[in-house]
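Undergrad: Build me a model:
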Amino acid sequence: MKKINSSLAQSLLAGDRIALAKAITLVESASPRHHREAQKIIDEILPYTGKSIRVGVTGVPGAGKSTFIEALGNFLISKKKRKVAVLAIDPTSTVSKGSILGDKTRMESLARNENAFIRPSPSAGVPGGVAAATRESILLCEAAGYDVIFVETMGVGQSETAVHSMVDFLLLLLLPGAGDELQGMKRGIVELADLLAVNKADGGNLQKVKLAQAAYKQALRLFPPNENGWKPDVVTCSALTGDGIPQIWKRIEDFEKLTKANRWFHVKRQEQSRQWLRERVLETVIKQLRENPKLKKKFTELERQVENGKMSVISATRALVMSFTE
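TA: Model prediction:
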């Protein structure tokens with residue numbers, strides 16, 4: 001292992017939660033100076049990452065995602081002696097550009113546990129129900145010693161499947177009352193889910209939960225088998241009472257064991273890294289178009305010619321690409 005020069009990186013590797021919070025603030029910052037500092041930290045801690053199970057939790061608003069994660073997190077810490085990090089994404093207002101960031105309030109008991117770390121982050125307009133720096137935040141949490149990382153998304157939407165590209169296991173949390181919900185559920189997220197869990201299996205909901213479970217099981221039969229050898233299923237749980245929580249974790253453990261044995265776990269992480277690289281390259285190119293005076297001027301000129309019908313989009317694109325190489 002190479003020498004760690006950054007004092008913040010040293011503190012983070014020692015498990016300091018304040019250092020972890022500061023490091024995530026740096027990777028989320030729009031400041032170029034903070035961005036450079038964050039990149040140095042990421043480069044230093046990279047050899048100490050990758051030793052967690054990354055679990056995405058998504059579902060319709062009101063499905064009880066925060067309550068579920070708190071129940072599962074408390075179970076993992078008390079019964080399994082795991083260290084749990086939660087990266088919770090809150091929607092950013094398109095009007096005020098602000099977000100509520102209320103997950104620490106919704107997970108009070110978990111937030112107080114010294115073996116848990118909860119970080120709410122604004123989506124900042126990023127599609128896919130995740131924040132721009134979620135991948136970097138995952139690495140920082142792993143370096144700080146957290147071996148279970150939950151990524152809680154905003155809720156099922158058109159582009160919610162982005163979370164699948166950064167986690168090992170995707171859990172779709174559902175509500176009882178499957179009839180209407182099945183109609184509105186996006187096929188993409190159901191196809192990508194490794195486990196479907198019908199929440200709120202308590203009180204007078206039990207019959208509706210069983211009906212929903214049966215309906216979703218029937219829907220799953222329509223999908224082709226997964227390449228990784230895992231067969232998704234539909235289970236029931238109550239985040240309020242804790243019923244079904246240990247069984248869900250057992251499913252996640254079974255998934256991890258199977259996909260590590262057949263190498264799919266490693267293959268998927270490699271593909272995710274490649275996708276991350278491609279996304280970052282595209283983001284950098286777009287940023288250059290916005291900030292580099294020469295490129296910005298060239299783009300504006302080409303854009304005007306395309307608008308006036310004097311140049312095709314294909315020719316304008318080729319000319320713009322050539323500007324990058326000049």
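
Undergrad: quick one: K231 and P225 touch, right?
TA: Yes. At 7.1 Å, K231 counts as touching P225 under the criterion of Cβ atoms under 8 Å. Every C-beta, even on glycine, is put in place using the N, C-alpha and C of the backbone.

Undergrad: Would you mind measuring from K83 to G177?
TA: For K83, the distance to G177 equals 36 Å [Cβ to Cβ, to the nearest Å].

Undergrad: Tell me which of the two has more neighbours.
TA: When K83 and G177 are compared for neighbours, K83 comes out ahead with 21 against 16, by other Cβ atoms under 10 Å.

Undergrad: Pull up the per-residue confidence for that one.
TA: Per-residue confidence at K83 stands at 98 (pLDDT).

Undergrad: And for K260?
TA: Reported pLDDT for K260: 98.

Undergrad: Same check on I89?
TA: Model confidence at I89, expressed as pLDDT, equals 81.

Undergrad: next one: R36
TA: On the pLDDT scale, R36 gets 93.

Undergrad: and if you look at the one 10 residues further on?
TA: According to the predicted model, the pLDDT of L46 comes to 97.

Undergrad: That one contacts L140, doesn't it?
TA: No. Using Cβ under 8 Å, L46 makes no contact with L140, being 10.4 Å away.

Undergrad: Quick check on the two: which one has the bigger neighbour count.
TA: Shown here are L46 and L140; by other Cβ under 10 Å, L140 has more neighbours (29 against 13).

Undergrad: Got phi/psi on that one?
TA: Backbone torsions of L140, given as degrees, to the nearest 10, read phi -60, psi -40.

Undergrad: elements contacting the longest helix anywhere in the chain?
TA: Counting residues, the longest helix found in the chain (DSSP state H) is helix 264-291. Under the contact criterion of 3 or more Cβ pairs under 8 Å, 6 or more residues apart in numbering; DSSP states H and E, helix 264-291 touches helix 245-261, helix 293-307, helix 313-325.

Undergrad: Looking at the closest residue to G188 other than its chain neighbours now. What's its pLDDT?
TA: Once flanking residues are discounted, G188 sits nearest to T161: 5.1 Å by Cβ to Cβ, 6 or more residues apart in numbering. Listed pLDDT for T161 reads 70.

Undergrad: ok, T161 to V167 distance?
TA: T161 is 11 Å from V167, by Cβ to Cβ.

Undergrad: what's the answer for I45, then?
TA: 19 Å.

Undergrad: Same question for F324.
TA: F324 is 33 Å from V167, by Cβ to Cβ.

Undergrad: And for P61?
TA: P61 is 20 Å from V167, by Cβ to Cβ.

Undergrad: quick one, which of those two is more surrounded?
TA: V167 (24 against 11).

Undergrad: which residue packs closest to the more buried one, ignoring adjacent ones?
TA: Among residues not flanking V167 along the chain, G56 sits closest, at 3.8 Å (Cβ to Cβ, 6+ apart).

Undergrad: ok, now R251?
TA: Here the residue nearest R251, using Cβ to Cβ, 6+ apart, is L195, at 5.5 Å.

Undergrad: Which strand residues bridge the one you found?
TA: L171 (DSSP bridges).

Undergrad: pLDDT wise, what is it at?
TA: At L195, pLDDT is 97.

Undergrad: so who does it touch?
TA: 169-172, 232-235, 248, 251-252, 255 (Cβ atoms under 8 Å, 6 or more residues apart in numbering).

Undergrad: likewise W249?
TA: Applying Cβ under 8 Å, 6+ apart, the residues near W249 are 72, 75-76, 80.

Undergrad: mind checking pLDDT for it?
TA: pLDDT, read off for W249, is 98.

Undergrad: Roughly how far does it sit from K79?
TA: Per Cβ to Cβ, W249 is found 9 Å from K79.

Undergrad: I4 too?
TA: For I4, the distance to K79 - Cβ to Cβ - is 33 Å.

Undergrad: Which of those two has more residues huddled nearby?
TA: I4 (17 against 11).

Undergrad: Is that one located within a helix, as I assumed?
TA: No. Under the criterion used here (DSSP: H, G, I helix; E, B strand; the rest coil), I4 is coil, not part of a helix.

Undergrad: That one contacts E44, correct?
TA: Yes. Counting by Cβ under 8 Å, I4 touches E44, with 5.3 Å between them.

Undergrad: Mind listing the shared neighbours of those two?
TA: Common neighbours of I4 and E44 (Cβ under 8 Å, 6+ apart) do not exist.

Undergrad: Point out where the chain drops to low pLDDT.
TA: The chain contains residues with pLDDT under 70 at 1, 90-105, 123-131, 155-160, 178-187.
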